[in-house]
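Novice: okay, sequence plus prediction incoming.
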Amino acid sequence: MRCCCIASSILSRGASSRGTVISTSHPRSSIVARILIIEDNPANIELMSFLLSAYGHTPSSAHDGPRGIAAARSERPDLIACDVNLPGMDGFAVLAALKADAGMVGVPILAVTALAMAG
């Protein structure tokens, strides 16, 4: 899945989170990122969690926008991967809410969608 490759690429470039440099130069790096997955499709959550865990990261998940916002505020992850097409509160609304929250400044948010996939 392309989103995991992008997330790994972002983290391997040395993205800084609250003064801690995160590096995944080796797939089994001892430094892990806490990555929140906001996604309503259980199969996508399972796949992203599996891949992120395989690279040594610590994934957590929320199944909709409001739960994702609450989890982001309570966990303050190093990266958020958010589905664009969530039911009810879509990914754009989640992004707007998180950007408006002063406590979430500096947390990168990665938009995830399957709409660009052929077939």
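Specialist: Thanks, I have it.

Novice: surely residue 88 is within a helix?
Specialist: No. Residue 88: not assigned to a helix; according to DSSP: H, G, I helix; E, B strand; the rest coil it is coil.

Novice: what's the pLDDT at it?
Specialist: Predicted confidence (pLDDT) for residue 88: 93.

Novice: the one 5 residues further on too?
Specialist: Residue-level confidence at residue 93 comes out at 97, pLDDT.

Novice: check the secondary structure at the spatially closest residue to residue 104 that is not a sequence neighbour for me.
Specialist: Leaving aside its chain neighbours, residue 104 sits nearest to residue 98 (4.7 Å; criterion: C-beta to C-beta, 6 or more residues apart in numbering). All C-beta spots, glycine's among them, are computed from the backbone N, C-alpha and C. Under three-state DSSP, residue 98 falls in the helix class.

Novice: below-threshold pLDDT in the protein: ranges please.
Specialist: Residues of the chain meeting the criterion pLDDT under 70: 1-31, 116-119.

Novice: ok, how many other residues are close to the nearest residue to residue 108 once chain neighbours are set aside?
Specialist: Setting aside the residues directly before and after it, residue 108 is nearest to residue 79 in space (C-beta to C-beta, 6+ apart), at 5.4 Å. By other C-beta atoms under 10 Å, the residues close to residue 79 number 22.

Novice: same question for the one 3 residues further on.
Specialist: By other C-beta under 10 Å, the residues close to residue 82 number 26.

Novice: same deal with residue 96?
Specialist: Neighbours of residue 96 (other C-beta under 10 Å): 12.

Novice: what separates it from residue 59, distance-wise?
Specialist: 24 Å (C-beta to C-beta, to the nearest Å).

Novice: tell me the SS of residue 68?
Specialist: Residue 68 ends up helix, using three-state DSSP.

Novice: state whether it and residue 36 are indeed in contact, as I suppose.
Specialist: Yes. Between residue 68 and residue 36 a contact is recorded at 6.9 Å, counting by C-beta atoms under 8 Å.
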